[in-house]
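S.K.: One predicted model, sequence on top.
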Amino acid sequence: MATRTTPDEVREIITTDLTDPQIQVWIDVANALVTANVTCGLSEATMEEIERQLTAHLISLLPTSGAGSLPVKRERLGEAEVTYVTSAFAGGGLKSTIYGQAALALDSCGGLGKMGKKAISLTAITSFD
């Protein structure tokens, strides 16, 4: 399936030193995730925005993305220390960046939030005879 967003549209929401082909790799990943998991018939405009936000989320997790603006978790003035929020914090997964949180909020189907979770089944025993 053709992707819904472009490298230029992704750059509108995240600053990165990645080239267009490098961003396109992450757009393709985001496209596959959105196509497979957001299946309740949202508008194409919403699907495009979810894909753009998810792409920015993936790029922001790269150690050398040039994204440069990770949220600060902790600061200290004496002995100058700054700790940034990364995927190890904030619940991990899509909740670890503002872009992932936006994608989750836009996905009213809930498919992205269910990724990686196992379905359960429950069987009631009506009799012990």
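M.R.: Received, thanks.

S.K.: Report whether the expected contact of residue 23 with residue 56 is present.
M.R.: No: Residue 23 is beyond contact range of residue 56, at 9.6 Å (criterion: Cβ atoms under 8 Å). Where you see a C-beta, it was placed from the backbone N, CA and C, and this is true even at glycine.

S.K.: Who has more neighbours out of the two?
M.R.: Counting neighbours by other Cβ atoms under 10 Å for residue 23 and for residue 56 shows that residue 56 has the greater number, 30 against 24.

S.K.: Please save the CA atoms from the one helix or strand the more buried one maps to in PDB.
M.R.: For residue 56, the element it lies in under DSSP states H and E is helix 44-60. What follows is helix 44-60, C-alpha atoms only, in PDB (Å, rounded to 0.1, in the frame of the first residue of the first chain):
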ATOM      1  CA  GLU A  44      -8.000   8.900   5.400                       C
ATOM      2  CA  ALA A  45      -7.000  12.300   6.900                       C
ATOM      3  CA  THR A  46      -6.900  10.800  10.400                       C
ATOM      4  CA  MET A  47      -5.000   7.700   9.100                       C
ATOM      5  CA  GLU A  48      -2.500  10.100   7.500                       C
ATOM      6  CA  GLU A  49      -2.000  12.000  10.700                       C
ATOM      7  CA  ILE A  50      -1.600   8.800  12.700                       C
ATOM      8  CA  GLU A  51       1.100   7.600  10.300                       C
ATOM      9  CA  ARG A  52       2.900  11.000  10.500                       C
ATOM     10  CA  GLN A  53       2.800  11.000  14.300                       C
ATOM     11  CA  LEU A  54       4.000   7.400  14.400                       C
ATOM     12  CA  THR A  55       6.800   8.100  12.000                       C
ATOM     13  CA  ALA A  56       8.000  11.000  14.200                       C
ATOM     14  CA  HIS A  57       7.700   8.700  17.300                       C
ATOM     15  CA  LEU A  58      10.000   6.100  15.600                       C
ATOM     16  CA  ILE A  59      12.500   8.800  14.500                       C
ATOM     17  CA  SER A  60      12.600  10.400  18.000                       C
END
